[in-house]
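Trainee: Turn this into a model:
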Amino acid sequence: MSDFSTVLLAATGAATDAHDIRAVVRRCFFYDFLGYPVRIWDGEGVLTTSDGNEWLGSIDGNGTNHHRAAAVRDARDGASPRYEFSMPFIDQATFDALKADQDLAAGREVTCHNAIFIHGEGIAPTTPIRFNYRLQIMGVKFGERAEALEGTTTKTYSASVLCRSLEYGRSRVPSGTYTDTAQRERARLEGYAADTFCSFVAANSNRTYVIGGN
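Mentor: Numbers count the residues shown, from 1 in each chain. The predicted structure is shown next:
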């Protein structure tokens, strides 16, 4: 089983131009709903990744992606925007469970991974993935509708997830970048025990330091 970096290096090879790289990267989204986790990827069919999980493809045979994911931007610009992710088609059991326990969704997480493929080789039995970003769920909106087709009525269920980045709640000051909580979480995601650098930021706010002089 190859990891993400190994496949990427193999796909890059001796390429000197971006057009020569044979790698294809698709996003995988993990909605960590309590008791009813949902995994979706930007592709067709079922994807099995190197961590042993299966992801349901959100693209149909016509090339339409039914999963609408927000364009998440770099959080270091001093803002914490609200993002909305939409899952137009979920089964009734998951829909009913999520709706009944929607108060428990707040504070859970949405995690995006990148899955890598070699162009033209199709889906590997265990596709390598790599962490991309993680958001915190602020709430969930639900929708259902009935459609009549040739005498048969079909119900479709959907859910929209409202999220913010791990920067949510910090002071939005000019040149503000990190909070201690967010920086510690980034360190955890990278496999480090702790990163306490930002714990000094709040302690040194509203202070005046004089450099040089007598």
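Trainee: Scan the chain for its longest strand.
Mentor: strand 129-149 (DSSP state E).
Trainee: thinking Phe131 is in contact with Glu109, fair?
Mentor: No: assessed by C-beta atoms under 8 Å, Phe131 is found out of contact with Glu109, at 11.9 Å. Where C-beta positions appear, they are placed from N, C-alpha and C, glycine not excepted.
Trainee: before we move on, the earlier item: now the longest strand of the chain: how far from the chain's centre is it?
Mentor: Chain-centre distance of strand 129-149: 11 Å, with C-alpha atoms, centre = their mean, to the nearest Å.
Trainee: Within the sheet, what are the partner strands of it, with directions?
Mentor: strand 109-118 (antiparallel), strand 152-165 (antiparallel) (DSSP bridges).
Trainee: low-scoring stretches of this structure, by residue?
Mentor: Within the chain, the segments meeting pLDDT under 70 span 1-2, 74-80, 166-182, 185-186, 188-190, 201-206, 212-214.
Trainee: Give me the most central residue, it.
Mentor: Cys112 (2.4 Å; C-alpha atoms, centre = their mean).
Trainee: need the contact list for that residue.
Mentor: Residues in contact with Cys112, defined by C-beta atoms under 8 Å, 6 or more residues apart in numbering, are Arg27, Cys28, Phe29, Phe30, Ala69, Val72, Asn132, Tyr133, Arg134, Leu135.
Trainee: what's around the nearest residue to it once chain neighbours are set aside, how many residues?
Mentor: Leaving out its chain neighbours, the residue that sits closest to Cys112 by C-beta to C-beta, 6 or more residues apart in numbering is Asn132, at 4.4 Å. Using other C-beta atoms under 10 Å, the number of residues around Asn132 comes to 14.
Trainee: Also Ala14?
Mentor: Count around Ala14 with other C-beta under 10 Å applied: 5.
Trainee: quick one, phi psi at it?
Mentor: Backbone dihedrals for Ala14, given as degrees, to the nearest 10, come out at phi -100, psi 20.
Trainee: what about it, distance to Arg22?
Mentor: Between Ala14 and Arg22 the computed distance is 12 Å (C-beta to C-beta, to the nearest Å).
Trainee: Return the residues in contact with the residue nearest to Ala193 when sequence neighbours are not counted.
Mentor: Spatial nearest neighbour of Ala193, chain neighbours left out: Ala187 (7.5 Å); criterion: C-beta to C-beta, 6+ apart. By C-beta under 8 Å, 6+ apart, the residues touching Ala187 are Ala193, Ala194, Asp195.
Trainee: Give me the phi and psi angles of Leu9.
Mentor: phi -60, psi -40.
Trainee: Measure how buried it is and give me the count.
Mentor: Leu9, neighbours per other C-beta under 10 Å, totals 11.
Trainee: Would you mind measuring from it to Leu135?
Mentor: Distance of Leu9 to Leu135, computed by C-beta to C-beta: 29 Å.
Trainee: Buried ones among the contacts of Cys112?
Mentor: By neighbour count, with 16 or more other C-beta atoms under 10 Å, the contacts of Cys112 hold Arg27, Cys28, Phe29, Phe30, Ala69, Val72, Tyr133, Arg134, Leu135 as buried.
Trainee: Contacts for stretch 37-57, please.
Mentor: 1, 3, 26-31, 58-61, 65, 67, 69, 87, 90, 94, 113, 115, 123, 125-129.
Trainee: Please, a ChimeraX command that selects the buried ones among those?
Mentor: Those of those that count as buried under 16+ other C-beta under 10 Å are selected in ChimeraX with:
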select :26,27,28,29,30,31,58,59,67,69,87,90,94,113,115,123,127,128,129
